[in-house]
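structure for the following, please:
(one chain, ligands or ions: 2)
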Amino acid sequence: MEGLDHTRRMPGHGRSTGTCTPWGAALASTLLAAGISLATSACSPASPVPGTGATAVQQQESDAGPVLREALGSTRVVILGTGAPSADPARSGPCVAIIVNGTPYLVDLGPGVIRRAAAAVQAGVLELDPINLRHAFITHLHSDHTVGYPDLIFSPWALGRDGSIDVWGPTGITAMTDHLMAAYEQDIGIRMDEEQPSTTDGFLVRAHEVEPGVVHEDDNVTVEAFPVSHGTWPEAYGYKFTTPDKTIVISGDTGPSDVIVEQCDGCDILIHEVYSFWGFELRPDDWQAYHESFHTSAPELADIATRARPRLLVLYHQLFWGATDEGLLAEIRAAGYEGEVVSARDLDVY
Ligand SMILES: [Zn+2]
Ligand SMILES: [Zn+2]
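Ligands and ions are numbered 1, 2, ... in the order given. Next up is the predicted model:
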């Protein structure tokens with residue numbers, strides 16, 4: 001990865017700071033003027049807030065007994081958005097939900113994330129109720145992966161979510177969180193005004209800046225971050241989720257990289273970004289240079305996946321430039337990949 005000093009990032013020594021994001025003095029005084037006492041103590045520990053989030057969900061499951069626990073036991077992957085910056089109305093911004101024992105974990109927050117979650121609920125994936133979204137992992141800070149961040153913070157709060165949420169991401173995720181709090185200062189003040197029913201903590205965020213290694217572990221998942229090479233971004237990550245029954249690797253945005261081969265190594269599901277080489281050849285020279293540096297072509301992915309040996313390869317965050325899902329799959333096949341492969345569409349479940 002350009003600009004990243006790998007030697008100072010030791011695998012297994014991921015940093016995960018459990019600090020709640022501070023808000024500006026202006027916001028604090030706004031809330032104070034409204035007579036609101038913030039439950040900031042709920043923001044201090046890195047573990048789940050008692051009575052909320054993962055803890056509450058797990059409690060509900062144990063109360064439900066062994067049958068429900070077994071039914072919920074298998075990990076599911078729900079593709080909430082496959083889109084790229086082109087504003088294809090059929091493809092929401094990039095977001096993958098991994099659901100384990102009733103708890104959803106999101107990777108990336110592209111535009112439209114909360115409405116796609118609501119669509120998943122309508123399709124029967126009840127765990128993706130927006131007020132149940134409390135864990136998100138950001139691969140990098142490109143806008144197409146983060147425009148949905150304020151949506152995650154504020155929309156479920158307006159729907160009644162209580163308790164803070166946890167968001168992991170590269171250096172800068174804390175500053176982005178602080179800026180969002182400042183940007184929505186007036187909204188927060190108005191909603192917490194006594195005229196509007198609202199919880200006092202449903203918009204709070206614990207922002208965790210990650211380094212390679214284990215960044216989160218609970219009863220459902222172990223989440224590891226690994227650096228990928230995304231052009232000139234100094235920090236971009238892929239994530240590996242290990243659950244009781246599956247190992248899932250998400251590439252994030254990356255050029256072709258052996259790190260994906262190492263991280264997957266026979267994993268259950270490899271979710272990888274890709275662009276059509278057929279479409280690429282129609283692109284102007286300056287854009288070709290950009291895409292070669294920042295992203296992975298279908299033939300390059302065929303080579304990576306052949307060596308990574310996933311049980312299922314999922315093409316994701318596809319750049320088509322006039323190609324189709326079938327065309328992308330044909331490119332992957334023509335380049336010699338013989339394993340199971342699908343080209344994801346929004347709301348697919350694996
Ligand atoms: Zn990107
Ligand atoms: Zn992207």
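
tell me the contacts of whichever residue of the stretch 101-250 of the chain sits closest to ligand 1?
Using CB to the ion, the closest approach of the stretch 101-250 of the chain to ligand 1 is made by His142 at 3.5 Å. C-betas here are computed from N, CA, C, even on glycine. Counting by CB atoms under 8 Å, 6 or more residues apart in numbering, His142 touches 230, 233, 253.

dihedrals phi and psi, the last one?
Put plainly, it is Asp253. Backbone torsions of Asp253, given as degrees, to the nearest 10, read phi -80, psi 130.

can you tell me how far it is from ligand 2?
Per CB to the ion, to the nearest Å, Asp253 is found 4 Å from ligand 2.

contacting residues around that residue?
139-140, 142, 145, 228, 230, 233, 236, 273, 294-295, 317.

at 7 Å instead, please
Contact analysis of Asp253 by CB atoms under 7 Å, 6 or more residues apart in numbering lists 139-140, 142, 230, 236, 273, 294-295, 317.

kindly report the same for the first one.
The contact partners of His230, taken as CB under 7 Å, 6+ apart, are 140, 236, 253-255, 294.

which SS state does it fall under?
What DSSP: H, G, I helix; E, B strand; the rest coil gives for His230 is coil.

leaving out chain neighbours, which residue sits closest to it?
Nearest non-adjacent residue to His230, counting by CB to CB, 6 or more residues apart in numbering: Ala236, 3.7 Å away.

which one of the contacts of His230 is nearest ligand 2?
Asp253 (4.3 Å).

average pLDDT across stretch 91-107?
Averaging pLDDT along stretch 91-107 yields 97.

for it, measure first residue to last.
16 Å (CA to CA, to the nearest Å).

what does stretch 131-147 give?
19 Å.

what's around the residue nearest to His230, how many residues?
The number of residues packed near Ala236 is 26, by other CB atoms under 10 Å.

got the contact list for it?
139-140, 170, 228, 230, 252-254.

give me the nearest residue to Pro170, chain neighbours excluded.
Nearest one to Pro170, counting by CB to CB, 6+ apart, is Glu235 at 3.8 Å.

close to ligand 1: what parts of this structure are there?
The chain comes close to ligand 1 at residues 142, 253, as judged by CB under 5 Å from the ion.

could you tell me which residues of the chain lie near ligand 2?
So the chain meets ligand 2 at 144, 253 (CB under 5 Å from the ion).

show me where the chain dips below the pLDDT cut-off.
1-73 (pLDDT under 70).

residue boundaries of the strands in it?
Under the criterion DSSP state E, the chain carries strands at the ranges 76-81, 95-100, 103-107, 135-137, 165-169, 205-209, 213-217, 222-227, 237-242, 247-250, 269-275, 312-319, 341-343.

is it true that Arg134 touches Ser164?
No - at 8.1 Å, Arg134 does not count as touching Ser164 under the criterion of CB atoms under 7 Å.

nearest to Gly213, of the contacts of His230?
Ala236 (15.7 Å; CB to CB).

follow-up on the earlier one: and of the strands of the chain, who's closest to Ala175?
In terms of CB to CB, the element of the strands of the chain nearest to Ala175 is strand 205-209, at 8.8 Å.

hang on, the earlier thing: give me the phi and psi for the residue nearest to His230.
Torsion angles, degrees, to the nearest 10, at Ala236: phi -140, psi 140.

now swap in the one 10 residues further on and tell me
Comment: the main-chain dihedrals of Lys246 come out as phi -150, psi 150, following degrees, to the nearest 10.

so what's it up against?
Contacts of Lys246 (CB under 7 Å, 6+ apart): 75, 268-269.

give me that answer again for 6 Å
75, 268 (CB atoms under 6 Å, 6 or more residues apart in numbering).

what's the burial count for Arg307?
12.

repeat that for Glu326.
Neighbours of Glu326 (other CB under 10 Å): 9.

which one is it nearest to, not counting chain neighbours?
Nearest to Glu326 is Ser343, by CB to CB, 6+ apart, at 7.7 Å.

what about that neighbour, neighbour count?
Neighbours of Ser343 (other CB under 10 Å): 22.

now do the contacts for the residue positioned nearest the centre of the chain.
Closest to where the C-alpha atoms of the chain average out (CA atoms, centre = their mean) is Val107, at 1.2 Å. Neighbouring residues of Val107 by CB under 6 Å, 6+ apart: 96, 137, 239, 250.

ok, now which ones touch the residue nearest to it when sequence neighbours are not counted?
Distances taken as CB to CB, 6+ apart place Val96 nearest to Val107, at 4.5 Å, with adjacent residues excluded. Each residue near Val96 by CB under 6 Å, 6+ apart is listed here: 79, 107, 250.

what's around the residue of the stretch 51-200 of the chain found nearest ligand 2, how many residues?
The stretch 51-200 of the chain approaches ligand 2 most closely through Asp144 (4.7 Å), counting by CB to the ion. By other CB under 10 Å, the residues close to Asp144 number 19.

among the contacts of Ala236, which pair sits farthest apart?
Pro170 and Thr254 (13.3 Å).

more neighbours, these two?
Taking other CB under 10 Å, Pro170 and Thr254 do not tie; Thr254 has more neighbours (26 against 21).

surely the more buried one meets Val228?
Yes - with contact defined as CB atoms under 6 Å, Thr254 counts as touching Val228 (3.7 Å).
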